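K.L.:
starting from these lines, generate the structure:
(chains A and B)
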There are 2 protein chains.
Amino acid sequence: MINKDSLTHHISQQFNAELEDVRSHLLAMGGLVEKQVNDAVTALIDADSGLAQQVREVDDQINQMERNIDEECLRILARRQPAASDLRLIISISKSVIDLERIGDEATKIAKRAILLTEEGESPRGYVEVRHIGEQVRKMVQEALDAFARFDADLALSVAQYDKTIDREYKTALRELVTYMMEDPRSISRVLNVIWALRSLERIGDHARNIAELVIYLVRGTDVRHLGLTRMQEEVQGDRGKDDSGV
Amino acid sequence: MINKDSLTHHISQQFNAELEDVRSHLLAMGGLVEKQVNDAVTALIDADSGLAQQVREVDDQINQMERNIDEECLRILARRQPAASDLRLIISISKSVIDLERIGDEATKIAKRAILLTEEGESPRGYVEVRHIGEQVRKMVQEALDAFARFDADLALSVAQYDKTIDREYKTALRELVTYMMEDPRSISRVLNVIWALRSLERIGDHARNIAELVIYLVRGTDVRHLGLTRMQEEVQGDRGKDDSGV
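P.N.:
Numbers count the residues shown, from 1 in each chain, chains lettered A, B, ... in the order given. Down below sits the predicted model:
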């Protein structure tokens, strides 16, 4: 198992600094992505096309951050040849940036729907659901990043578990909106904009869960993807957490 | 620039064999994923819930392949400390498996829609589009993998370019289906099953494009993500391909 202190025990101060740098760049990218999710949801609910446009523009910055972090990871792999927990850190970071970038993409898609809703007229339904699910997935992203920052496998586990709640609420919202469209077919196109936004939020939940699983891998050394929540919980809370001797 | 021969010039025969192994495991996983896409589309079009069920069951196998390839990559990183084109190969493989696994997920989602369509009754529209777009994205996946197998940046470029065509056809299909739903609101729920399947196909196209971009990175050493197709084409066809001296 590793924790913050493991990072401070390298022979090379320079190597420590590099690991600390790339980790803080990931967290900075995460902070921006979280803001994008928040802004996209706000833009949709407030019919604020200016804010939506801003979300779309910031996406370039996120893409650039992904490239930079990727290059940093590659440089560390090539020059430092990290092993054990250092290698897991680099792998977790280089996979997490993929999920963060895709969360950014989904935020952009929500912003696009926000703009379409200002053009085509607002949807008669679905805003309560967007606000509610939006707030929850934003929190999932935030907590997945907190878990990364603090090497907190328990918090990561709770993020992964929460994804089930999102999936359930998303399905309920969808059913209600489909029923509404059947009653008022003229609203289909506008309601679909909200449905696509909800779909993006549900995907953001999936990506937050992916990041949480990477945190568990980082801290416990176990690949918990596709294991199911019960097994995942055993890996995090049981005595079976691997030690730090291997990769 | 690297090609197949670069792989055969290692001092360690064992290292060569390991790189060749992990590459062939990726291609095997890709072959299975491509079959999943094909089967899922066939299941939906033929209303074959048995085949759809089979697609859902095979998904576990794909997830297991992802884990195994990840472990192989990690072992090579830890023990061989690859540099330059070897490191790019490992990075490309470990990122491509993520896309392959998600293509597998999307195939599973299509299979789920196929089952729902046999339960709720078939959609009055959309099958032609599913068959057509389905065949094209399956071919994209196949060609992205061929490009990986042959270190063929030009083929990879054409895959990335083709994604635009898919996006356009997907949007056209969507517009027609939305119009149809407005005319026949009782069909909404069934048509939506087809729309979700089309959405999954469009996502598969995106993932195939991601893999194609990784092939270009592998062969040319340039990260072409988010560059736009014109810049990407310049990188592949211009004289600016980087040599193999750095990472």
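
K.L.:
got the residues of chain A near chain B?
P.N.:
Among all residues of chain A, those adjacent to chain B (criterion: C-beta under 8 Å from any C-beta of the partner chain) are A:60, A:63, A:66-67, A:70-71, A:74-75, A:77-78, A:81, A:83-84, A:87, A:91, A:94-95, A:98, A:178, A:181-183, A:185-186, A:188-189, A:192, A:223, A:225-226, A:247. From N, CA and C alone the C-beta is placed, and that goes for glycine too.

K.L.:
same thing but at 7 Å, please
P.N.:
For chain A, the residues found near chain B under the criterion C-beta under 7 Å from any C-beta of the partner chain are A:63, A:67, A:70, A:74, A:77-78, A:81, A:83, A:87, A:91, A:98, A:178, A:181-182, A:185, A:188-189, A:192, A:223, A:226, A:247.

K.L.:
residue A:153 touches residue A:214, doesn't it?
P.N.:
No - judged on C-beta atoms under 7 Å, residue A:153 makes no contact with residue A:214 at a distance of 11.0 Å.

K.L.:
residues in contact with the helix or strand of chain A with the lowest mean pLDDT: which ones?
P.N.:
For chain A, the helix or strand with the lowest mean confidence is helix A:229-237, at a mean of 92 (criterion: mean pLDDT, DSSP states H and E). Helix A:229-237 is contacted by residues A:153, A:154, A:157, A:160, A:161, A:216, A:220, A:222, A:224, A:240 when judged by C-beta atoms under 7 Å, 6 or more residues apart in numbering or on different chains.

K.L.:
and after the lengthiest helix in chain A, which helix or strand comes next?
P.N.:
For chain A, the longest helix by residue count, based on DSSP state H, is helix A:84-120. The C-terminal neighbour of helix A:84-120 among helices and strands, as given by DSSP states H and E, is helix A:127-150.

K.L.:
buried sites along that next one?
P.N.:
Applying a neighbour-count criterion of 16 or more other C-beta atoms under 10 Å in any protein chain shown, the buried positions in helix A:127-150 are A:127, A:129-130, A:133-134, A:136-138, A:140-149.

K.L.:
any idea which residue is closest to the centre of chain A?
P.N.:
Relative to the mean C-alpha position of chain A, the nearest C-alpha, by C-alpha atoms, centre = their mean, is the one of residue A:208, at 3.3 Å.

K.L.:
for residue A:39, which non-adjacent residue is closest in space?
P.N.:
Distances taken as C-beta to C-beta, 6 or more residues apart in numbering or on different chains place residue A:55 nearest to residue A:39, at 5.1 Å, with adjacent residues excluded.

K.L.:
helices or strands up against the one helix or strand the one you found maps to?
P.N.:
Using DSSP H and E, the element containing residue A:55 is helix A:49-80. The contact analysis (3 or more C-beta pairs under 7 Å, 6 or more residues apart in numbering or on different chains; DSSP states H and E) places helix A:49-80 against helix A:13-45, helix A:84-120, helix B:84-120.

K.L.:
show me how far stretch A:31-49 is from its chain's centre.
P.N.:
Using C-alpha atoms, centre = their mean, to the nearest Å, the mean C-alpha position of stretch A:31-49 is found 15 Å from that of the whole chain.

K.L.:
go on, stretch A:54-64?
P.N.:
Relative to its chain's centre, stretch A:54-64 lies at 16 Å (C-alpha atoms, centre = their mean).

K.L.:
just the CA atoms of it, as CSV, please.
P.N.:
Taking only C-alpha atoms (Å, rounded to 0.1, in the frame of the first residue of the first chain), the coordinates of stretch A:54-64 have been written out as CSV:
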residue,chain,number,x,y,z
GLN,A,54,-17.0,29.5,-23.1
VAL,A,55,-17.1,25.8,-22.1
ARG,A,56,-16.5,24.9,-25.7
GLU,A,57,-13.6,27.2,-26.0
VAL,A,58,-11.9,26.0,-22.8
ASP,A,59,-12.0,22.4,-24.2
ASP,A,60,-8.9,23.2,-26.2
GLN,A,61,-7.0,24.0,-23.0
ILE,A,62,-8.0,20.7,-21.6
ASN,A,63,-6.8,18.8,-24.7
GLN,A,64,-3.5,20.7,-24.4
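
K.L.:
pull out the buried positions in it.
P.N.:
Within stretch A:54-64, the residues that qualify as buried by neighbour count (16+ other C-beta under 10 Å) are A:55, A:56, A:58, A:59, A:62, A:63.

K.L.:
how about stretch A:34-47?
P.N.:
Using 16+ other C-beta under 10 Å as the burial criterion, the residues of stretch A:34-47 that qualify are A:34, A:36, A:37, A:38, A:39, A:40, A:41, A:42, A:43, A:44, A:45.

K.L.:
ok, the third one touching residue A:204?
P.N.:
Yes - in this structure, residue A:37 sits in contact with residue A:204. The criterion is C-beta under 7 Å, and the distance is 6.1 Å.

K.L.:
need the overlap of contacts for these two.
P.N.:
Residues touching both residue A:37 and residue A:204 (C-beta under 7 Å, 6+ apart) are A:103, A:137, A:141.
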